[in-house]
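Asker: Here's a sequence, model it:
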Amino acid sequence: MITLIVFGVLLLLLATGMWIALALGLTGILAIFFFTRFDASHIASLQTWNRSSLFVLTALPMFILMGELLVNTRLSRWLFDGLAPWMVWLPGRLLHTNVVGCTFFAGISGSSTATTLTIGRVTYTHLKERGYDERLAVGSLAGAGTLGLLIPPSVIPIIYASVVGESVGQLFLAGEFPGLLVA
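Answerer: Below you'll find the model as predicted:
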């Protein structure tokens, strides 16, 4: 019966349009408050502090800074200009600049969003100017942009490691081979 009540509260909060993270947190606090004898405010504040003060999370602002530097400078343009001559012999020709560029850039920035934005900004206009189909160019970019989730160093394994208490290095090693295989 308690499970149904907690699930009902969660659905009610979600139906009001509340953000999912806030609805989950509030539901958890209400469940602790009403169905246990523990102090809900103490548990919530302690867990929030424990998860947000981990040393591992200090890398996140550096990934954001690196992504911003690469987006706002000519480095991404130089990446495309350097990759283009190597891709002309492949069957998809310059469409592969998206894949190879995103693979390299994901290893630098650690973010799928920054990878897709930066490589897309550079390659989309070149591919469109050279007569490539718009849907094919965007599809290639969208597929390759997801490599930022897998190829280390990535933001997602850092956050996951901080939540579950795993080793960031082991998660990075676990993402290397699948990321390169997908590329």
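Asker: Would you enumerate the residues in contact with residue 157?
Answerer: 168, 171, 172, 174, 175 (CB atoms under 8 Å, 6 or more residues apart in numbering). To be clear about C-beta, it is placed using only N, CA and C from the backbone, and glycine gets the same treatment.
Asker: Can you select the buried ones among the residues you listed for me in PyMOL?
Answerer: To isolate the buried members of the contacts of residue 157 in PyMOL, using 16 or more other CB atoms under 10 Å:
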select buried, resi 168+171+172+175
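Asker: which of the contacts of residue 157 lies closest to residue 64?
Answerer: Nearest to residue 64, judged by CB to CB, of the contacts of residue 157 is residue 168 at 17.0 Å.
Asker: Surely that closest one and residue 155 touch.
Answerer: No - checked against CB atoms under 8 Å, the pair residue 168 and residue 155 is beyond contact range at 10.9 Å.
Asker: Using CSV, write down the CA coordinates of the strand or helix carrying residue 157.
Answerer: Taking DSSP states H and E as the criterion, residue 157 maps to helix 155-164. Output in CSV follows, covering the C-alpha atoms of helix 155-164 (Å, rounded to 0.1, in the frame of the first residue of the first chain):
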residue,chain,number,x,y,z
VAL,A,155,31.2,13.9,-18.3
ILE,A,156,28.6,11.1,-17.9
PRO,A,157,31.0,8.5,-16.4
ILE,A,158,32.3,11.1,-14.0
ILE,A,159,28.8,11.9,-12.8
TYR,A,160,27.9,8.2,-12.7
ALA,A,161,31.0,7.3,-10.7
SER,A,162,30.3,10.0,-8.2
VAL,A,163,26.7,8.7,-7.6
VAL,A,164,27.5,5.0,-7.3
